[in-house]
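Colleague: Here you go, sequence then predicted model.
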Amino acid sequence: MPRGRKKKSEYVGDDALLDSSIGPIDVYVGSRICARRKLLQLSQKQMAEKLGITFQQIQKYEKGVNRIGAGRLYTIAAILGVDIDYFFSGLPQEMASSSVEYSCGSTAGFLQEDVGDYRPDPMQGAEAVMLLKAFYSLPAKARGALLLMLTSLKDKDDIDTDA
């Protein structure tokens, strides 16, 4: 058995490895944190100060680079004024059911996440929130005109690609 520190994984028992790499659920939760923080117009620095961590750590959480512990997620939910389930709402069912496998044998109960190629729903992202806020800050007439223009551009694009 190799000696020294294990990278990206740790031995669980019976030579089984528990992969500690980041999974699609971590990315999804991070994108939900980012969207809610931006909706509240809270900077990463302000949020980091409330949590007692660096803003770089907030960046890593939001990108899904670092996992968030249960206690920290609970505190983040309190700061953002949401319930814990907010971070998991809208989670695609196939991701929720297929990304976690239970290990059998002496390591029963340990989880292993499938890293997969998860791409968050663009409607759940921070840019969508910013776009909606900007859209609804416009007068009603301007919103109608903008929708008409966007619809006509989409229809024109459909015609150009068909030809």
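Modeller: Everything's here; your move. Numbers count the residues shown, from 1 in each chain.

Colleague: For the closest residue in space to Met130 that isn't next to it in sequence, what is the enclosing helix or strand?
Modeller: Nearest residue to Met130 in three dimensions, chain neighbours excluded: Lys38, at 6.4 Å (C-beta to C-beta, 6 or more residues apart in numbering). No exception for glycine: its C-beta is placed from N, CA and C like everyone else's. Element membership of Lys38 [criterion: DSSP states H and E] is helix 24-39.

Colleague: how near is Tyr86 to Glu49?
Modeller: Here Tyr86 is placed at a distance of 22 Å from Glu49 (C-beta to C-beta, to the nearest Å).

Colleague: Ignore what I typed, I meant Asp26.
Modeller: Note on Asp26: its distance to Glu49, by C-beta to C-beta, is 23 Å.

Colleague: Any stretches of this structure with poor pLDDT?
Modeller: Residue ranges of the chain with pLDDT under 70: 1-21, 94-126, 157-163.

Colleague: cutoff 90 now
Modeller: Low-confidence segments of the chain (pLDDT under 90): 1-28, 31, 35-36, 38-41, 64, 85-137, 147, 150-151, 153-163.

Colleague: Identify all contacting residues around the longest helix seen in it.
Modeller: In the chain, ranked by residue count with DSSP state H as the criterion, the top helix is helix 140-162. The contact list for helix 140-162 (C-beta atoms under 8 Å, 6 or more residues apart in numbering) reads 135-136, 138.

Colleague: mind listing which of those residues are in helices?
Modeller: Per DSSP H, the contacts of helix 140-162 map to helices at 135-136.

Colleague: mind listing the strands for the protein?
Modeller: Applying DSSP state E to the chain gives strands spanning 9-13, 16-19, 100-102, 111-113.

Colleague: So Asp26 and Glu49 - more neighbours on which side?
Modeller: Using other C-beta atoms under 10 Å, the more surrounded residue of Asp26 and Glu49 is Asp26, with 20 against 13.

Colleague: Look up how far Pro139 lies from the spatially closest residue to the more buried one that is not a sequence neighbour.
Modeller: In this structure, Asp26 finds its nearest non-sequential neighbour in Gly64, 4.5 Å apart by C-beta to C-beta, 6+ apart. Gly64 sits 38 Å away from Pro139, taking C-beta to C-beta as the criterion.

Colleague: likewise Ser31?
Modeller: 31 Å.

Colleague: Comparing those two, which residue is more hemmed in?
Modeller: Neighbours were counted for Ser31 and for Pro139 using other C-beta under 10 Å; Ser31 has more, 22 against 8.
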